[in-house]
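*Asks:* Okay, sequence plus prediction incoming.
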Amino acid sequence: MPAIAALVPLLIAPGFLSHFDITPKLASLLLGVALILLYTSVNVHNIYNLIRRKAGQWFVGALIAECLITAFATLFSLHRMVSLNGSAWRRQGLIAQTGLLLFVLLAAAWLAADPGHFLAFLRACAASGALASLYGIAQYFGWDPWLPAKAYQVGGGEFTIVRPPGTMGHADYFAAWLVCVVFLGLAVERMETARWRKYLAASASALAVAAIVLSGTRSALLGLAAGGLVFLILRRRRIRAGTVAFAVACVAGLVLFFFSPAGLKLRARLHWSREDAWGGARLPLWRDSLRMAAHRPFLGFGPETFVTEFPRFESLDLARAYPDFYHESPHNMFLDTLASTGLAGLLALLALCGVAIHAATRLVKSGNALAPSLAAALAGMLITQQFIVFVFATALYFHLIIALLVAGAPVEPSHVENSGKSPRWIPPVALAASLALIAFVVRLLVADWSLAVAQRRIAAGDAGGASMAYQTELRWQLPGAGDDLEYSSAMARLAARTPLFVTRLQAARQAFQSANRATTTAEDPQNAWYHLATLQARNDDTAGVERSLRKAIECAPNWFKPHWTLAQVLELTHRHSEAVVEARAAVERDGSHHPEVLETLRKLERERP
């Protein structure tokens, strides 16, 4: 249990896997669950022990409700296979979520079985956070042996900002997880008896705070402040002069760093934040997400379908403000749940939060030494997740915080009795579930590895080798979301740059074939159709270009680019009045961000027959 909790947020495999920041995390957890499920008698005994607590009964009920509601939403999803197997960008379909909830249930039961398990578990989480924090800090200072620094740097010159993603793929998710680590480190410090171990635990918390600050993630800083306030209130200790002096020294050190040459990128981040005080697109995005959810309030659109379905509900003012922006989520955990699984899913999540608050309250009243730290971690995560959605590691730790609270709650008299024996049906069901999870992971890993091989061969200019690797990926990939659009784009770029005729021919053919597949497998079909239109244009397929552009408009009515391109195609085919209509639509949706769009309309109006 501690090993899995430590490895899931820590594992990345750049160069070996294409989706290097999510696939290893999912694979490690599901393989761990497959192994743990085989210990049926131990698991059954532990679960019986967990539900001796009232909070444990509610916790188990909330987890079961989450799982059943997600399954129901998947059954009625508009994209069933995507909801089952997950999207390419975060892989949180029904199978992955079921594995996560199973692990959380078994972890809570394991923790409840023996109070001594808490320390081992918390040590593993804090150690994992310390290592990842060191990596994130190194990324800020320009040292990264695995990832290209340009991938997480924005801007140029003195206004270049760096957003260290650590082991999470993006700074927002990395910092959100570190909010948990800060308070779990404080929990370890509280439990340790040896002074040097206390210092190590406090150092893990300090490293996590430093990494959060250097990430420049406002939501995490807000969550950290909220959690810190809860921690101070619940500690109920008089603030000593030494503590105040230490805090003043830390603030002074931060100020000195901020104005030093090393703080240049942090100052640039503050400059960007002041220009974007309202969090970018979040406010109109939340409004449009609510409007989207209102169209399927009871069933939801299905897990992992937001990326595909949201463009049809994007408002004109949001499109005009951010005309070429990719909204991958609602940036709020409750709105994400509401859009995915409907009101029932939202109520289940709220019930789980209610169980957590109830367990935290009982833990505080019992005088448990862990209560301030765990309650602070919960508060920090709840605040942070109002501005981002769950990815695999943050979803896991959010649930694990609740598991720790529930497992630490006082045992109450209960009518639940442990017979000492597992029901006969449990071992074969557990074995079948283990084998199913292993099969899922094997397919996921082989497909992702094959895609990475194809990408390396494209970079080397080997179109034939890339094609062979990608055919392996197609045979092993899970049904639902695919990587055809990414592969087609890479092949198209290879065809454009290679001087070799044979390679150009192979790459162009592969690009076109995968572009056609992408219209049914891409999470963002509007981009797939638009990309196909660009390839058809190279083949002088005017009718195909028009058809693909109209399909892109169907998928994303308020995206300016297909309207703009269609206007030019219609003018070439001597349909001037239709071209003007599309050009006006493009200008209306562009919001004056691209001068060439307005220039196209003016040119068409000047050439009015």
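*Replies:* Arrived safely.

*Asks:* Walk me through the domains of the chain.
*Replies:* Listed by automatic domain parsing, the domain ranges of the chain are 2-408, 462-606.

*Asks:* Figure out which of these is closest to residue 431.
*Replies:* domain 2-408 (7.0 Å; Cβ to Cβ). C-beta coordinates here come from the backbone N, C-alpha and C atoms, glycine included.

*Asks:* Rounded mean pLDDT for the closest one, please.
*Replies:* Mean pLDDT, computed over domain 2-408, is 92.

*Asks:* is it possible to export the domains of the chain to JSON lines including distance to residue 454?
*Replies:* As requested, the domains of the chain are exported to JSON lines (distance: least, Cβ to Cβ, whole Å):
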{"stretch": "domain 2-408", "distance to residue 454": "8"}
{"stretch": "domain 462-606", "distance to residue 454": "4"}
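
*Asks:* my guess is residue 572 contacts residue 542, does it?
*Replies:* Yes - assessed by Cβ atoms under 8 Å, residue 572 is found in contact with residue 542 at 7.2 Å.

*Asks:* Could you pull out the residues contacting both of the two?
*Replies:* The overlap between the contact sets of residue 572 and residue 542 (Cβ atoms under 8 Å, 6 or more residues apart in numbering) is empty.

*Asks:* Can you tell me how far the residue positioned nearest the centre of the chain is from residue 397?
*Replies:* Of all residues in the chain, the one closest to the mean position by Cα atoms, centre = their mean is residue 391, 2.9 Å from it. Going from residue 391 to residue 397 by Cβ to Cβ, to the nearest Å gives 10 Å.

*Asks:* repeat for residue 309
*Replies:* Remark: distance between residue 309 and residue 397 (Cβ to Cβ) = 28 Å.

*Asks:* which of these two has more neighbours?
*Replies:* residue 397 (27 against 17; other Cβ atoms under 10 Å).

*Asks:* Output stretch 319-334 as CSV, restricted to C-alpha atoms.
*Replies:* Extracted C-alpha coordinates of stretch 319-334, given in CSV (Å, rounded to 0.1, in the frame of the first residue of the first chain):
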residue,chain,number,x,y,z
ALA,A,319,-15.0,32.1,-28.2
ARG,A,320,-14.3,35.7,-29.0
ALA,A,321,-12.3,36.2,-25.9
TYR,A,322,-10.2,33.1,-26.5
PRO,A,323,-10.7,32.3,-30.2
ASP,A,324,-8.1,29.5,-30.6
PHE,A,325,-8.1,28.1,-27.1
TYR,A,326,-8.5,24.4,-26.3
HIS,A,327,-10.7,23.9,-23.2
GLU,A,328,-9.8,20.4,-22.0
SER,A,329,-11.9,20.6,-18.8
PRO,A,330,-14.3,22.9,-16.8
HIS,A,331,-11.4,23.7,-14.4
ASN,A,332,-13.5,22.8,-11.4
MET,A,333,-13.9,19.4,-9.8
PHE,A,334,-17.6,19.7,-9.1
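
*Asks:* Show me which parts of that stretch are buried, residue by residue.
*Replies:* 319-320, 322-323, 327, 329-334 (16 or more other Cβ atoms under 10 Å).

*Asks:* is it true that residue 287 touches residue 315?
*Replies:* Yes - between residue 287 and residue 315 there is a contact under Cβ under 8 Å: 7.4 Å.

*Asks:* Quick check: which element contains residue 115?
*Replies:* Assigned by DSSP states H and E, residue 115 falls within no helix or strand.

*Asks:* residues near residue 588, how many?
*Replies:* 16.

*Asks:* just the one 4 residues further on next, same as before
*Replies:* Number of residues near residue 592 (other Cβ under 10 Å) recorded here: 10.

*Asks:* which residues does it contact?
*Replies:* Residue 592 touches residue 598, counting by Cβ under 8 Å, 6+ apart.

*Asks:* With residue 446 instead?
*Replies:* 472, 476.

*Asks:* let's go with 7 Å and repeat that
*Replies:* residue 476 (Cβ atoms under 7 Å, 6 or more residues apart in numbering).
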